[in-house]
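S.K.: what follows is a predicted protein model with its sequence.
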Amino acid sequence: MPMKEKKKIISLGFDFPGDDVEYVDYLNDKSLTDADIIVCTPHLSILNSLLHNNKYAYNTVYKKFKYFKSHWEKEFREVLSLGRTIFIFLDAPYYIEDLNAYSYNFLPFIHIPNIASGSTMTMISRPDYLKEYWFHFKKNSKYTAYFEKNNTPYKTIPLIYANSPNRIVGGIYVESESIIIFLPSLIDNLFYKDTDKTSDWSKEKLKLGNILANCFRNIDDSFQAFSKKTIPPDWISDSEFSLVTLTDIDIKIDDTNKQIEALQKEIESLEKARINEGKLLYLLYETGDHLEESVIEALKILGFDAEKVITEKEEYDVKFSSPEGRFIGEIEGKDNKSINIDKLRQLFDKVEDDQENSIDGEYSIGVLFGNAFRFEKPSERTDYFTEKCMQKVKGKKFVLVPTPYLFSIARYVKEHNDNKFADQCREAFFNSQGKIVSFPPIPNKKSAS
């Protein structure tokens, strides 16, 4: 009996160890129709890196985005009609403002999920086809995005949920002739290469990569066993075999698709608005660039002129000013610890450097924004800054600001348009030198909560 041919897997944007799976990045016009199984992770990291590479002009990157977005949409629509199995690692949606692009734009069969992260997950009813995968990879999984139960892709059967059964992080649904399974992300360092060389995977990672590939093949086998169906020959569409009822249905399908395209554009517009409106929430759980964005947004809401500043010699997370004074800010987020003295030292140096280069001689006040213990509920956090930080700023023109404090006042000002309260909050920055900021009480806590 001839040996069963191994099913071909193409991985889009997800780097498998070894050569058992063909890796393809999003800036590649490879066809997906060669694959029996497709694995993908929605991200735009390649485009984002091109935007920050001086070799590429903006128009060049934008044209690449438009071209490859169109390419992958066509490829996936073709693949969906061929009865393939598609696995998606559900990653946190990412928006590149310069391109007006979302990380999920390349996938026409799934909408943008909500952002949340954690590692506590529960499999629902433990379906047989997923048991092997979950046995090997549950401990290596995390979720960074989820669908609300009443807003999953059409006719999704939930498979895995996060803390709440209403937050679906794994599911299965049918699109056209294909089966789509979305799963929580794998932990970041699971398949990192041991060196920069493509071939240098450790034995352990190669073994784990093979296990993952076999899990996907076994899941696909379990579905194909129940869905043997002959692909219609080309001649079946000849006019001599046409059915009037099918023609009528095809016309209705075309009309419906046009309506769907119009609605999809409206949804994309609303999703963009939702992401923009939700940036203040980054103050509660983000770090890095997203936290910086939210701090600048909050300061503008309070009436400051605020922006990130990059010079030939220095990069400032934020410089902001108002009639109350001029400020330089450093912004830091920590997963499970307090903000330490290292970031404060950087702030001291930048304030000193700014003073030396000041034309008017005015001294800027230093502000350290900290999002400590960022995965914990704000009400349960303690010690946003270390004792060394607290002692270091005493008697000096420096202010410590926990970003969840900033969230509460910025949200109130934005929702109530209370300019008088915004004035008081700006004054608090000036009046809180040498300690953690003391913002005025929110006038109407009940309506602001």
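M.R.: Great, that's in hand. Numbering: from 1, shown residues only.
S.K.: in this protein, what spans have low per-residue confidence?
M.R.: Judged by pLDDT under 70, the chain has its weakly predicted residues at 1-4, 44-58, 125-126, 189, 192-200, 225-237, 257, 264, 358-361, 444-449.
S.K.: from the centroid of it, which residue is nearest?
M.R.: The chain has A92 as the residue nearest its centroid, 2.8 Å off, counting by CA atoms, centre = their mean.
S.K.: burial check on E387, number of neighbours?
M.R.: Counted by other CB atoms under 10 Å, the residues lying close to E387 total 10. (C-beta placed from N, C-alpha, C; glycine too.)
S.K.: same deal with D128?
M.R.: Count around D128 with other CB under 10 Å applied: 8.
S.K.: who's in contact with it?
M.R.: Applying CB atoms under 8 Å, 6 or more residues apart in numbering to D128 gives the contacts S222.
S.K.: list phi and psi for it.
M.R.: phi -60, psi -40 (degrees, to the nearest 10).
S.K.: just the helices in the stretch 1-150 of the chain please.
M.R.: Ranges of helices in the stretch 1-150 of the chain, per DSSP state H, counting those that start in this stretch, are 45-51, 58-80, 128-137.
S.K.: figure out which of the ones you listed is closest to E292.
M.R.: Using CB to CB as the measure, helix 45-51 is the one of the helices of the stretch 1-150 of the chain that comes nearest E292, at 15.4 Å.
S.K.: if we can go back for a sec, spit out the contact partners of the residue nearest to the centre of the chain.
M.R.: By CB under 8 Å, 6+ apart, A92 lies in contact with 115, 117, 144-145.
S.K.: quick one: the closest residue to it other than its chain neighbours from I110, how far?
M.R.: Nearest residue to A92, sequence neighbours excluded (CB to CB, 6 or more residues apart in numbering): T144, at 4.0 Å. Between T144 and I110 the distance, using CB to CB, to the nearest Å, works out to 15 Å.
S.K.: more crowded one of those two?
M.R.: For T144 versus I110, neighbours defined as other CB under 10 Å are more numerous around I110 (21 against 18).
S.K.: look up the closest residue to that one, ignoring the ones flanking it.
M.R.: With sequence-adjacent residues excluded and distances taken as CB to CB, 6+ apart, I110 is closest to P153, at 5.6 Å.
S.K.: and what of G13?
M.R.: G13 sits nearest to T41 (CB to CB, 6+ apart), 4.7 Å away.
S.K.: the one you found and P93 touch, don't they?
M.R.: No: under the criterion of CB atoms under 8 Å, T41 makes no contact with P93, lying 12.0 Å away.
S.K.: find residues that contact each of those two.
M.R.: Counting by CB under 8 Å, 6+ apart, nothing touches both T41 and P93.
S.K.: so who does the residue nearest to G13 touch?
M.R.: Counting by CB under 8 Å, 6+ apart, T41 touches 12-14, 88-89, 91, 185.
S.K.: contacts only, for E314.
M.R.: E314 is in contact with 350, 353, counting by CB under 8 Å, 6+ apart.
S.K.: coming back round to it: ok, now which ones touch the residue nearest to A92?
M.R.: Applying CB under 8 Å, 6+ apart to T144 gives the contacts 90-92, 115-117, 184-185.
S.K.: against E286, how distant is it?
M.R.: T144 is 12 Å from E286, by CB to CB.
S.K.: same check, this time on E177
M.R.: As for E177, its distance to E286 is 40 Å (criterion: CB to CB).
S.K.: more crowded one of the two?
M.R.: Using other CB under 10 Å, the more surrounded residue of E177 and E286 is E286, with 21 against 14.
S.K.: I'd guessed the residue nearest to I110 sits against G171; true?
M.R.: Yes: P153 is within contact range of G171, at 7.4 Å (criterion: CB under 8 Å).
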